[in-house]
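Visitor: Predicted model and sequence follow; I will ask about them next.
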Amino acid sequence: MRNFDLSPLYRSAIGFDRLFNLIESGQNQGGGYPPYNVELVDENNYRIAIAVAGFAESELDITAQDNLLVVKGAHTQAPAERTYLYQGIAERNFERKFQLAEHIHVKSANLSNGLLYIDLQRVVPEASKPRRIEII
């Protein structure tokens, strides 16, 4: 992946620093753990599926605040010492953040077969919807 230097843009673009910070944090987001999918269900509904094998429902925490969805997984007890010949399943704690667009709300979340499903819905207020203006 290429790293882009956005510092020249800070000098000439006023009020876009939040956008540039999002771009930079997306570039520096380390690792791909846990893996996830983002699915477009229909025009106003989305689904995030996160692979959380080895985590119990009580070890997962989902928080939505100010257009930011944070999913954390933390084991409550220390894992037993084991001798692996090959370890391909990561069992480490994680924190995954998703930046949500305006008017995106979390509808529900459920855990099934090692996948955490988070359903999202775009709810556009009536005041923001286009309206037809009658000519009189």
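Guide: Yep, it's here. Everything numeric here is computed off the predicted structure, so don't read it as measured data.

Visitor: How is the protein partitioned into domains?
Guide: As recorded under automatic domain parsing, the domains making up the chain are 1-30, 33-128.

Visitor: Tell me which of those domains is the most buried.
Guide: domain 33-128 (a mean of 12; mean count of other Cβ atoms under 10 Å). C-beta coordinates here come from the backbone N, C-alpha and C atoms, glycine included.

Visitor: Span of that domain from start to end?
Guide: Distance between the two ends of domain 33-128: 37 Å, counting by Cα to Cα, to the nearest Å.

Visitor: What average pLDDT does it get?
Guide: Averaging pLDDT along domain 33-128 yields 91.

Visitor: how far out from the middle of the chain is it?
Guide: Mean-position distance between domain 33-128 and its chain equals 7 Å (Cα atoms, centre = their mean, to the nearest Å).

Visitor: Can you tell me which of the domains of the chain is nearest to Glu134?
Guide: When the domains of the chain are compared by Cβ to Cβ, domain 33-128 sits nearest Glu134, at 17.3 Å.

Visitor: Show me where this protein has its helices.
Guide: For the chain, the helices defined by DSSP state H cover 7-12, 17-27.

Visitor: Skip the chain neighbours and tell me the closest residue to the residue nearest the centre of the chain.
Guide: For the chain, the residue sitting closest to the mean C-alpha position, by Cα atoms, centre = their mean, is Phe98 at 2.4 Å. Of all residues beyond its chain neighbours, the one nearest Phe98 is Leu69 (4.3 Å), with distances taken as Cβ to Cβ, 6 or more residues apart in numbering.

Visitor: Please report the distance of the one you found from Leu115.
Guide: Distance, Leu69 to Leu115, using Cβ to Cβ, to the nearest Å: 16 Å.

Visitor: With that, I have no additional questions.
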